[in-house]
Every structure is written in structure tokens, then in C-alpha cells.
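Undergrad: got a structure for you, letters missing:
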Ligand code: KG4
Ligand code: ZN
């Protein structure tokens with residue numbers, strides 16, 4: 001049973017065909033990096049315009065690569081939120097038109113649930129429940145308990161910046177390109193993670209909530225104190241795009257800062273994940289979302305001796321894609337959870 005997934009919640013236009021919720025027949029992602037990179041972050045109006053340009057060819061290519069026609073599809077799934085409302089609208093409107101024209105059922109998928117299914121898609125049968133899911137990306141830092149049948153309970157979330165957003169803001173502040181996560185990830189191993197001592201966030205109320213704004217401000221203070229403006233300006237002017245471009249332009253103290261920043265983010269994520277695993281008696285843990293491609297996080301999770309096995313998506317499925325949306329739609333379709341044409345874009349859609 002084939003489902004076409006469509007994902008346009010942020011700055012990737014993506015379409016994929018997935019069979020039986022577990023076999024990826026195609027997965028096409030058109031990145032808007034070239035458009036947003038020079039602004040150091042996603043510009044919502046430009047994102048909507050780019051989605052409009054890309055959506056038809058991306059869907060066509062996904063069907064072509066899967067060797068599928070509309071007659072082969074059982075349903076069309078689309079991200080309904082959370083995300084940028086103008087971006088979501090492009091995917092939703094196109095999905096609705098296709099469903100209407102081809103008489104296919106429409107399924108709305110929560111983007112965060114999609115990230116969780118990026119892992120279930122690949123290693124579904126290994127996951128034992130209850131599971132702990134840590135979804136950590138540019139827009140989200142959430143901890144969920146996942147029970148059999150995909151029942152979710154929110155355990156904690158960020159009160160300010162998402163972890164990926166902290167990476168992107170720190171990278172921008174220091175004159176690295178956008179997105180900052182992959183660049184910091186590759187530069188961090190060149191620095192000493194214990195060189196700069198950052199204070200871990202202590203949360204009043206729900207101790208499992210996150211906060212990354214204090215860490216970001218601490219990095220800013222460190223930068224001001226160490227008078228880095230000339231060095232930062234050199235990196236900005238270099239128009240570099242990769243860690244290899246930036247490495248020769250980055251003195252050791254800054255590499256130490258990046259390593260210490262990354263070390264602190266990882267510690268914030270994993271210490272809460274460990275508490276949740278104990279609290280809910282998790283039998284497996286899922287870490288997904290763009291930041292889940294971080295090599296430091298993957299290594300630290302493996303070395304942390306958590307009380308259950310930890311599963312990450314392959315890097316291509318960590319960042320935004322539509323295969324995860326089609327996969328998340330499969331159990332909904334089987335359960336008859338089909339949407340009607342009142343389905344709308346919900347910028348702040350919650351999963352639980
Ligand atoms: O899941 P995603 O593609 O989009 C959202 O749903 O937000 O995640 C993008 C985020 C960006 O903030 C990016 O900097 C971060 O994931 N990211 C990383 C890495 N790769 C992407 N952060 C740390 N290390 C990485 N290797
Ligand atoms: Zn995402």
C-alpha cells in the first residue's frame with residue numbers, strides 16, 4: 001500500500017512515496033539553503049515562494065523515482081503543522097487539490113510525529129514500548145513518552161530556543177554560515193569541550209523542560225569578552241560554506257568555545273533523556289530531528305550507558321523529509337483517520 005507524503009513546513013520542499021509504512025520507494029528533498037543562507041536564517045515569505053516554485057516538480061519526481069502513478073496510491077499525506085503557516089499552506093493546498101482531482105483520501109500529519117516515525121520507518125520492529133522520544137531540531141526540542149499504538153505524552157519541551165536554533169544562532173554570531181549545526185558539529189572535535197565552563201540550565205517547575213537562551217547569551221558574553229570581531233568579520237567575508245572552509249580561519253580558543261558549547265547542549269539533552277527513561281521505564285529511546293545527525297550527540301548517547309537501546313534515524317532521515325510524513329500516515333490510514341477538506345495549516349500544532 002503506497003502513500004505519497006508531502007512536507008513543506010519550513011525550508012525544504014519534500015515529497016516521498018513509502019510502501020506499507022516501511023519501504024521508501026522515493027524521497028525527494030529540494031533544499032532552500034541557497035535562498036536563506038545569506039540571511040543567516042529562514043525568511044518566511046521567501047520560503048513560501050520557493051515552495052510554490054518547487055512543489056509540482058518535486059512531487060512529480062518523487063512519483064517518477066518510485067515508478068508510481070496516482071492510481072498506485074492509497075492516500076496522500078501532508079504535514080499540517082507545526083511550522084511556518086505560509087509554507088504549510090503550499091503543501092496542504094497542493095495535497096488537497098491532488099486528492100480532489102484523483103479521488104484519494106487525505107491524511108494530515110504532525111511534523112513532530114513525522115520525525116519520530118523517521119526512526120520507526122527504519123527500525124520499527126526493534127522498538128519496544130514504552131519508548132522515549134527526543135525530537136530535537138531547528139524548531140523543536142521535545143521529550144515524549146510513546147506508548148504502543150502511537151499514543152504520546154509530553155514530558156518536557158524547550159521554553160525558549162530549540163537546540164538547533166541555538167546552534168544556528170551561535171554559528172551566526174561567530175560568522176559561520178547557515179545552518180550552523182553541521183558546521184559546529186564538524187569543527188567541535190578540533191576543540192577542547194572542557195575549556196569553557198557553561199552553567200547547565202536549572203528549570204523551575206517541570207525540571208524536564210529545556211532552555212537554551214542562557215547558553216546562547218553566555219556564548220555572546222564570551223565573544224564580547226574575548227574581542228573576536230576581527231576574526232568573525234574575516235569568516236563572514238570569506239563566504240565559506242563548510243567546516244573545511246572555516247577551519248583555517250578559526251583560532252584554537254574559538255574551536256574550544258564551539259566544542260564546549262556542543263558539549264553543553266549534548267549534556268542538557270542526554271541528562272533529561274536519561275531521567276525520562278528511568279521515570280517511564282522506557283524499553284527503547286528514539287532521538288530524531290535535524291540535531292540527531294550530530295556526531296557528538298550520537299557518540300555521547302552511545303557512551304552514556306542509558307538504560308535502554310537508543311535509535312537514531314540515518315542522517316538523510318534526520319533532517320526534514322517527506323518519507324517520515326508518509327510513514328507516520330500509514331497507521332492513521334489503517335485506522336481510518338482520514339482528514340476532510342477543512343484540514344488547515346496549524347503553525348503551533350501540538351502532538352500531545
Ligand atoms: O529537522 P530539521 O531539518 O528542521 C526542523 O524541523 O527544524 O532541523 C534543522 C536543524 C537546524 O537548526 C540545523 O542547524 C540542525 O537541525 N542540524 C544540526 C546538524 N544537522 C542539522 N545540528 C547539530 N549538528 C548537526 N550535525
Ligand atoms: Zn523538522
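TA: Thanks, I have the structure now. Everything quoted here is computed from the prediction, not taken from an experiment. Ligands and ions are numbered 1, 2, ... in the order given.
Undergrad: going forward, measure contacts between C-alpha atoms and count neighbours the same way
TA: OK.
Undergrad: which stretches in the stretch 101-250 of the chain count as helices?
TA: Using DSSP state H, counting those that start in this stretch, the helices of the stretch 101-250 of the chain run over residues 111-123, 163-173, 180-187, 213-225, 229-238, 243-246.
Undergrad: phi first, then psi, for residue 343.
TA: Per-residue torsions, residue 343: phi -50, psi 130 (degrees, to the nearest 10).
Undergrad: need the contact list for it.
TA: Residues near residue 343 by C-alpha atoms under 8 Å, 6 or more residues apart in numbering: 80, 92, 108.
Undergrad: just the buried ones among the residues you listed, please.
TA: Buried members of the contacts of residue 343, counted by 16 or more other C-alpha atoms under 10 Å: 80, 92, 108.
Undergrad: nearest to residue 334, of the helices of the stretch 101-250 of the chain?
TA: For residue 334, the closest of the helices of the stretch 101-250 of the chain is helix 111-123, at 15.4 Å, according to C-alpha to C-alpha.
Undergrad: got the contact list for the closest one?
TA: 9, 21-23, 79-83, 127, 133, 135, 140, 286-289, 311-313, 317-318, 320, 323-325, 327-328, 351.
Undergrad: what about the nearest residue to residue 295 once chain neighbours are set aside, neighbour count?
TA: By the measure of C-alpha to C-alpha, 6 or more residues apart in numbering, the closest residue to residue 295 outside its immediate chain neighbours is residue 185, 6.7 Å from it. When neighbours are defined as other C-alpha atoms under 10 Å, residue 185 has 21 of them.
Undergrad: any idea how far residue 185 lies from ligand 1?
TA: 5 Å (C-alpha to the nearest ligand atom, to the nearest Å).
Undergrad: go on, residue 235?
TA: For residue 235, the distance to ligand 1 - C-alpha to the nearest ligand atom - is 18 Å.
Undergrad: quick check: longest helix in the chain by residues?
TA: helix 252-280 (DSSP state H).
Undergrad: what about that one and ligand 1, any contact?
TA: No - Helix 252-280 lies apart from ligand 1 when judged by C-alpha under 6 Å from any ligand atom; the minimum separation is 8.3 Å.
Undergrad: and after that helix, which helix or strand comes next?
TA: Counting by DSSP states H and E, the next helix or strand C-terminal to helix 252-280 is strand 284-288.
Undergrad: output the contacting helices and strands for that following strand.
TA: helix 111-123, strand 131-136, strand 310-311 (3 or more C-alpha pairs under 8 Å, 6 or more residues apart in numbering; DSSP states H and E).
Undergrad: reformat the ones you listed as a markdown table; add distance to ligand 1, mean pLDDT and mean neighbour count.
TA: As requested, the helices and strands packed on strand 284-288 are arranged in a markdown table below (distance: least, C-alpha to the nearest ligand atom, whole Å; pLDDT from 0 to 100; neighbours: other C-alpha atoms under 10 Å):
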| stretch | distance to ligand 1 | mean pLDDT | mean neighbour count |
| --- | --- | --- | --- |
| helix 111-123 | 7 | 97 | 25 |
| strand 131-136 | 7 | 98 | 28 |
| strand 310-311 | 16 | 98 | 20 |
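Undergrad: measure the most centrally placed residue in the chain to residue 61 for me?
TA: Geometric centre of the chain, nearest residue: residue 289, 3.0 Å, by C-alpha atoms, centre = their mean. Distance, residue 289 to residue 61, by C-alpha to C-alpha, to the nearest Å: 24 Å.
Undergrad: related to what we said a few turns ago, wait, the residue nearest to residue 295 touches residue 299, no?
TA: No - between residue 185 and residue 299 there is no contact under C-alpha atoms under 8 Å: 11.8 Å.
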